[in-house]
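Undergrad: Predicted model, plus sequence, below.
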Amino acid sequence: MTPEIYFDNNATTRVLPEVFEAMRPFFTDLYGNPSSIHSFGSQVGQKIDAARAQVAELIGAADPVEVIFTSCGTEGDNAAIRGMLEARSERRHIVTTQVEHPAVLGLCQHLEKKGYRVTWLKVDHDGMLDLEELDEALTDDTALVTVMYDNNETGVIFPIHRIGEIVRAKGIPFHVDAVQAAGKIPVQVSDLGVDLLTISGHKFHGPKGVGALYVRRGISFSPFMIGGHQERNRRAGTENVAGIIGMGKAAELAQKHGPEDAQRIRALRDQLEAALAQSCPDCRVNGQSQDRLPNTSNIAFRYLEGESILVLLDQYGICASTGSACTAGSSEPSHVLRAMEVAPEWLQGAVRFSLSRLNTEQEVRYVNEKLPLIVQRLQDLSSLGKLSREQRSQANRGKALNGIGARG
Ligand code: PLP
């Protein structure tokens, strides 16, 4: 039996035991509806507000009331974008980037079809935005700027603080998709000056099916879900109580252990990359020269198919992915790597490894041992891969001969 090594934490994370324990009573004894008048229900409402305070603390919100619970990151993104557009119906222009998660990308494409004008900001070869292009894109018709905090595929972190300054100077609302950042690196809405920010519980060891949207006090925002009066009329629907409690606990733990965890995870990630650079010369890290999430490594293997690598990794009990879990099943190369204009021989062979506080050095060593075997096996099957290996060894032989000549 091969071990299960889970290096796919940007897709989702394991619920921590403390989180599960905090949730348990809300499935059994504390099942009241938080909107009920009776104390059996209303005590649950108080627990939700305690979880709201934990989430507010994680993201540095000045007031917990600015946190609205949602069902996931995708809902948070949709609620933010649609809510802002509806509140500013006279404006018809949206600014976003070419590398957003499908939750924002798909929605903006849909809105484009409905008649909105969308500016899709480009990224360079390292996955970084051009802030001048952003500045020039903003007009009196711009209803909203929506930019991800960091990229879910490459981990490249955008300069959110600087973007916020540019956008605020023009009086335009700014939404940030921080689903991959919150709980992994410090995210402080007050320092960043963002107006809306989306996070999701299952990306930092909370449960699936719960997220949160931060809406700065005073921002006019129209609710996306309409019905009851929950979440102060900003998100109708009976709350996912256990999920919210779990997300609150996960937020508390992330805040407590975050900086220490990030340091250890970064060291493991760097160890993985350094060893692979030695053992697989035909690989490279996408976005490596930029500031990146400490847990994420997007490694491209020349002339190979990322999906074939994943299948063989799976046989060794190693879980990774080619990109966003939400685009799995699509045979198209990643839109993020295409936007970075990654050369064709590297485009199909990208694998994303994403670590968490639960990973160990032993696991990294195991992956570093198996991955070169997998790459070699696939190169042997691929004529281009074989060719590139032969070219490399010829070049190395040449270098060695030159060296002998020089010494002689
Ligand atoms: N935004 C980003 C950057 C993500 O990485 C994800 C999920 O991977 C989402 C949004 C969607 O979050 P959820 O899975 O909670 O809907």
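TA: Arrived safely. Residues are numbered from 1 along each chain as shown.

Undergrad: After the longest helix anywhere in the chain, which helix or strand is next?
TA: What stands out as the longest helix in the chain, according to DSSP state H, is helix 241-279. The C-terminal neighbour of helix 241-279 among helices and strands, as given by DSSP states H and E, is strand 283-285.

Undergrad: any idea which helix or strand comes after that following strand?
TA: strand 296-301.

Undergrad: Neighbouring strands - and their directions - for that next one?
TA: strand 283-285 (antiparallel), strand 350-354 (antiparallel) (DSSP bridges).

Undergrad: who touches the closest residue to the ligand within the chain in this structure?
TA: Residue nearest to the ligand within the chain: residue 73 (2.5 Å; CB to the nearest ligand atom). C-beta: built from backbone N, CA, C; applies to glycine. Contact analysis of residue 73 by CB atoms under 8 Å, 6 or more residues apart in numbering lists 101, 103, 177, 179, 198, 199, 200, 203, 211.

Undergrad: want to throw those residues into JSON lines with distance to residue 33?
TA: Output for the contacts of residue 73, formatted as JSON lines (distance: CB to CB, whole Å):
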{"residue": "101", "distance to residue 33": "33"}
{"residue": "103", "distance to residue 33": "29"}
{"residue": "177", "distance to residue 33": "31"}
{"residue": "179", "distance to residue 33": "28"}
{"residue": "198", "distance to residue 33": "26"}
{"residue": "199", "distance to residue 33": "25"}
{"residue": "200", "distance to residue 33": "24"}
{"residue": "203", "distance to residue 33": "28"}
{"residue": "211", "distance to residue 33": "21"}
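
Undergrad: Which helix or strand contains residue 213?
TA: strand 211-215.

Undergrad: at contact distance from the ligand, anything in that strand?
TA: Yes: using CB under 6 Å from any ligand atom, strand 211-215 comes into contact with the ligand via residue 211.

Undergrad: Okay, buried residues for the helix or strand following that strand please.
TA: Downstream of strand 211-215, the next assigned helix or strand under DSSP H and E is helix 230-233. By 16 or more other CB atoms under 10 Å, the buried positions in helix 230-233 come out as 230, 231.

Undergrad: Show me what from the protein comes close to the ligand.
TA: 72-74, 77, 101, 103, 148, 152, 177, 179-180, 200, 211, 324-325.

Undergrad: Out of the residues you listed, list just those in helices.
TA: Of those, the ones assigned to helices by DSSP H are 73, 74, 77, 103.

Undergrad: before we move on, back to that, CSV please, covering the strands paired with strand 296-301 and showing mean neighbour count and mean pLDDT.
TA: Below are the strands paired with strand 296-301 laid out as CSV (neighbours: other CB atoms under 10 Å; pLDDT from 0 to 100):
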stretch, mean neighbour count, mean pLDDT
strand 283-285, 20, 95
strand 350-354, 27, 97
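
Undergrad: any chance of these in JSON lines, with distance to residue 187 too?
TA: Shown next, in JSON lines, are those (distance: least, CB to CB, whole Å):
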{"stretch": "strand 283-285", "distance to residue 187": "24"}
{"stretch": "strand 350-354", "distance to residue 187": "17"}
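
Undergrad: To residue 382, which of these lies closest?
TA: The minimum distance between residue 382 and the strands paired with strand 296-301 falls on strand 283-285, with 14.1 Å, by CB to CB.

Undergrad: quick one: contacts of the closest one?
TA: Residues contacting strand 283-285 (CB under 8 Å, 6+ apart): 273, 276, 277, 297, 298, 299, 300, 301, 302, 346, 375.

Undergrad: Kindly report the same for stretch 126-138.
TA: Residues outside stretch 126-138 that contact it (CB under 8 Å, 6+ apart) are 95, 97, 99, 119, 121-124, 145, 147, 151, 154, 156, 158-159, 162-163, 166-167, 170, 172, 286-290, 336, 339-340.

Undergrad: go on, stretch 245-253?
TA: With CB under 8 Å, 6+ apart, stretch 245-253 has contacts from 15-16, 18-20, 22-23, 26, 47-48, 50-55, 57-58, 69, 182-183, 201, 204-207, 210-212.

Undergrad: Quick check: the gap between the nearest residue to residue 188 once chain neighbours are set aside and residue 35.
TA: Among residues not flanking residue 188 along the chain, residue 60 sits closest, at 3.4 Å (CB to CB, 6 or more residues apart in numbering). Computed as CB to CB, to the nearest Å, the residue 60 to residue 35 distance reads 28 Å.

Undergrad: same check, this time on residue 170
TA: 40 Å.

Undergrad: Same question for residue 138.
TA: 41 Å.

Undergrad: same deal with residue 12?
TA: 29 Å.

Undergrad: And for residue 84?
TA: 27 Å.

Undergrad: Quick check: buried residues in stretch 14-26?
TA: Under 16+ other CB under 10 Å, the buried positions of stretch 14-26 are 15, 16, 19, 22, 23, 26.

Undergrad: actually stretch 83-103, not the one I typed
TA: Counting neighbours by 16+ other CB under 10 Å, one finds that the buried residues in stretch 83-103 are 83-85, 87-88, 91-97, 99-103.

Undergrad: and if you look at stretch 248-264?
TA: Residues of stretch 248-264 classed as buried: 248, 249, 250, 251, 252, 253, 254, 255, 258, 261, 262, 264 (neighbour count, 16+ other CB under 10 Å).

Undergrad: Reformat these as a markdown table; add pLDDT.
TA: Shown next, in a markdown table, are those (pLDDT from 0 to 100):
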| residue | pLDDT |
| --- | --- |
| 248 | 98 |
| 249 | 98 |
| 250 | 98 |
| 251 | 98 |
| 252 | 98 |
| 253 | 98 |
| 254 | 98 |
| 255 | 96 |
| 258 | 91 |
| 261 | 96 |
| 262 | 96 |
| 264 | 97 |
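
Undergrad: Output the lowest mean pLDDT helix or strand found in this structure.
TA: helix 383-407 (a mean of 54; mean pLDDT, DSSP states H and E).

Undergrad: Just put the contacts of residue 73 in TSV and tack on pLDDT.
TA: What follows is those, written out as TSV (pLDDT from 0 to 100):
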residue	pLDDT
101	97
103	98
177	98
179	98
198	98
199	98
200	98
203	98
211	98
